[in-house]
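K.L.:
this is the structure alone, sequence omitted:
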């Protein structure tokens, strides 16, 4: 569909373009403003993790399409030392407890799919997706657009 | 001072911009704490209307400002949380108990009146 | 001009933008001819529209003024090869005629009629030289068809936009937020509360709080079909989000039995004010709104 959007993350100022691109992609795909904010917030949270704990990484945004649904895929990766206790990181009570400060559980609650892989060798990669279901009217239009492009 | 802090009567108003760095947020907290002590300030209004995202760090910073000011006997009210941001903050399950929030400046001043009157009454 | 240049994709010699289908000089000739014959062809087209009983919703005068604009845009589209201006015009025209009840088949019908009127006229003019007519037809047909499709699609898309707007309006009407007095909103919820509807409801409520500067909202769930953990969690979130917008929320119509069940199931109703019925909820709302301070210092708010 479209190309991936890559945002390098090296300082807290990079959070601004990361959020803005996330919001822009969501809006382009027809997400509501609220959902676009949820996506931007999740991106902010995960990107901030990178800045605070590793110092450098990357956010990649991709538009997804599986016919009935369209979605935003966010992949955040860094090559840091990894999260030692992944289960604990993912399980917390409040999103912003001081103890781990990772904000991962919060981001998870904002998105529909969430995957975290971490190891000392490969660093940490977070993949999260938010979906939007297309209604009948939109399905019709999508089909027509695809036919136009093909024909 | 990177954030403009305005004074309206005995209330300070600080508008938080979207591009504030983490360091600047912390500096704001210290600036406000200093000024409330020195200038006989009754209350502080934090305007977050420019923020289209409030993540856990920003929420923590807001809490930190509220607590620092409370230690100095000053109440803080937050204004300008947008509907979509409010939904995100709640779905996020941020710890929001300590935060008092209202729609706009007028409401904020009215609330501060109420809070400080009550304090005066208690102090009696 | 007589050479075979048809196999080239973009035969336009000087023009750099996506070239028209016709070769330069012949195109120019054709467009000139169509402009020359403008009055006659326009009239004929208008006549054929009325004969075919299309655009019945419009007066003869209106039809004539629209056909003039369409004709001119049509010829320009032929000339430039670009349908953008035509597209914009078609959308704007659709916006105007859809509320008048004009239907898709009518719009397609009139565009195809124009295509035919022009084709016949071109034939009458060029039939003496069949080779030239051949080239003209080869180039005119695809261009005319593309124009027909463009106008048709613009119309349909505009119709869909209207339908979508109507759907949104209906959805909002089905969850009305009522302002009963200054600073007080009531949101009666009836029916099934699924996640999508709950979210839409919350967005609507928060928007209303902002718009009316409400300080108290009463959410009545008497009419909600099933109050389970999911519904309860949505309500809790709505209440908390309302608080961030400066409004206190009171839930009414939640029986104490169900409330207890929810608490047992782990739902944290702590922040939620619940009152048995709507009447009680409104009284509580009045209390929150008007009578905050003890009566001795201040006169109570007379409403």
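P.N.:
Okay, I see it. The structure presented is a predicted model; accordingly, all values stated were derived computationally and were not measured.

K.L.:
SS state for residue C:211?
P.N.:
Here residue C:211 is helix, with the state taken from DSSP: H, G, I helix; E, B strand; the rest coil.

K.L.:
one more: residue A:83?
P.N.:
Taking three-state DSSP as the rule, one finds residue A:83 in the coil state.

K.L.:
is the longest helix seen in chain A positioned near chain B?
P.N.:
Scanning chain A for the longest helix, with DSSP state H as the assignment, gives helix A:33-49. Yes. Remark: helix A:33-49 sits within contact range of chain B at A:33-34, A:36-38, A:40-41, A:44-45, A:48, by Cβ under 8 Å from any Cβ of the partner chain. Where C-beta positions appear, they are placed from N, C-alpha and C, glycine not excepted.

K.L.:
and chain C, is the helix or strand encompassing residue B:58 touching that?
P.N.:
Taking DSSP states H and E as the criterion, residue B:58 maps to helix B:56-71. No. Helix B:56-71 stays clear of chain C (Cβ under 8 Å from any Cβ), getting no nearer than 10.8 Å.

K.L.:
again with stretch B:33-45
P.N.:
No. Stretch B:33-45 does not reach chain C (Cβ under 8 Å from any Cβ); its nearest approach is 12.4 Å.

K.L.:
residues of that stretch that come out buried?
P.N.:
Of the residues in stretch B:33-45, B:33, B:35-36, B:41-45 count as buried by neighbour count, 16 or more other Cβ atoms under 10 Å in any protein chain shown.

K.L.:
TSV please, covering those and showing distance to residue C:62, secondary structure and pLDDT.
P.N.:
What follows is the buried residues of stretch B:33-45, written out as TSV (distance: Cβ to Cβ, whole Å; DSSP: H, G, I helix; E, B strand; the rest coil; pLDDT from 0 to 100):
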residue	distance to residue C:62	secondary structure	pLDDT
B:33	70	helix	88
B:35	68	helix	88
B:36	69	helix	86
B:41	67	coil	85
B:42	66	coil	86
B:43	63	strand	93
B:44	62	strand	95
B:45	57	strand	96
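
K.L.:
and of the residues you listed, the nearest to chain C?
P.N.:
Taking Cβ to the nearest Cβ as the measure, chain C lies nearest residue B:45 of the buried residues of stretch B:33-45, at 12.4 Å.

K.L.:
who touches that closest one in this structure?
P.N.:
Each residue near residue B:45 by Cβ atoms under 8 Å, 6 or more residues apart in numbering or on different chains is listed here: B:11-14, B:76-79, B:105, B:108-109, B:112.

K.L.:
how many other residues sit next to the closest residue to chain A within chain B?
P.N.:
Per Cβ to the nearest Cβ, residue B:56 is where chain B lies closest to chain A, at 3.7 Å. For residue B:56, the tally of surrounding residues (other Cβ atoms under 10 Å in any protein chain shown) stands at 28.

K.L.:
so it is in contact with residue A:45, correct?
P.N.:
Yes. Between residue B:56 and residue A:45 there is a contact under Cβ atoms under 8 Å: 6.1 Å.

K.L.:
how about the residues of chain B near chain A?
P.N.:
For chain B, the residues in contact with chain A (Cβ under 8 Å from any Cβ) are B:18-19, B:21-22, B:52-57, B:59-60, B:82-85, B:87-88, B:91-95.

K.L.:
give me the buried entries from those.
P.N.:
By the neighbour-count criterion of 16+ other Cβ under 10 Å, those include these buried positions: B:22, B:52-57, B:59-60, B:82-85, B:87-88, B:91-95.
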